[in-house]
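1. what's the 3D shape of this:
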Amino acid sequence: MQDYAEKRDFHRMRVDAHIQITDSKGESVIGTCRDLSATGMQLSVSRPFEAGEMIKTRMESAGSQTAALETECEVIRCEPDGDGYLLGVTIDRVTQ
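-> Predicted coordinates:
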């Protein structure tokens, strides 16, 4: 038996998939979704985003039988990560 307490309400699922991120000005970048939970995502991107900024995301599924995941999110944090940035976002709405 593992001796730890999970502090999150939802477990994270490791994803490492390409994701399209569109900011409030309509500008899009391609990043990597590192992990996904029922309420948020961790994204690796090439440029910074402001905390509090609203973004839209689209992540294609691995197979043609499952629809893409489209969300509206709020950026909670943006931290430098190597040559890019690591975003923590909360999912406010799943649109598809």
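
2. next one: the residue positioned nearest the centre of the chain from Met59, what distance?
-> The centroid of the chain falls nearest to Met41 when counting by Cα atoms, centre = their mean (3.4 Å). In this view, Met41 and Met59 are 9 Å apart by Cβ to Cβ, to the nearest Å. For every residue, glycine as well, the C-beta is placed using N, CA and C.

3. can you check Val75 too?
-> Val75 is 16 Å from Met59, by Cβ to Cβ.

4. bridging residues for the closest residue in space to Thr95 that isn't next to it in sequence?
-> Of all residues not flanking Thr95 in the chain, Glu70 sits nearest, at 4.5 Å (Cβ to Cβ, 6 or more residues apart in numbering). Note on Glu70: beta-bridge partners Arg58, judged by DSSP bridges.

5. return the list of strands paired to the lowest-mean-pLDDT helix or strand in the chain, each annotated with direction.
-> Taking mean pLDDT, DSSP states H and E as the measure, the chain has strand 13-22 as its least confident helix or strand, at a mean of 92. Strand 13-22 has the following strand partners under DSSP bridges: strand 28-36 (antiparallel), strand 54-59 (antiparallel).

6. mean neighbour count and mean pLDDT added to those, as CSV?
-> As requested, these are exported to CSV (neighbours: other Cβ atoms under 10 Å; pLDDT from 0 to 100):
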stretch, mean neighbour count, mean pLDDT
strand 28-36, 17, 96
strand 54-59, 18, 97
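
7. now those in JSON lines, with distance to Arg93?
-> JSON lines is the format used below for the strands paired with strand 13-22 (distance: least, Cβ to Cβ, whole Å):
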{"stretch": "strand 28-36", "distance to Arg93": "15"}
{"stretch": "strand 54-59", "distance to Arg93": "10"}
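
8. this completes my enquiry, with thanks.
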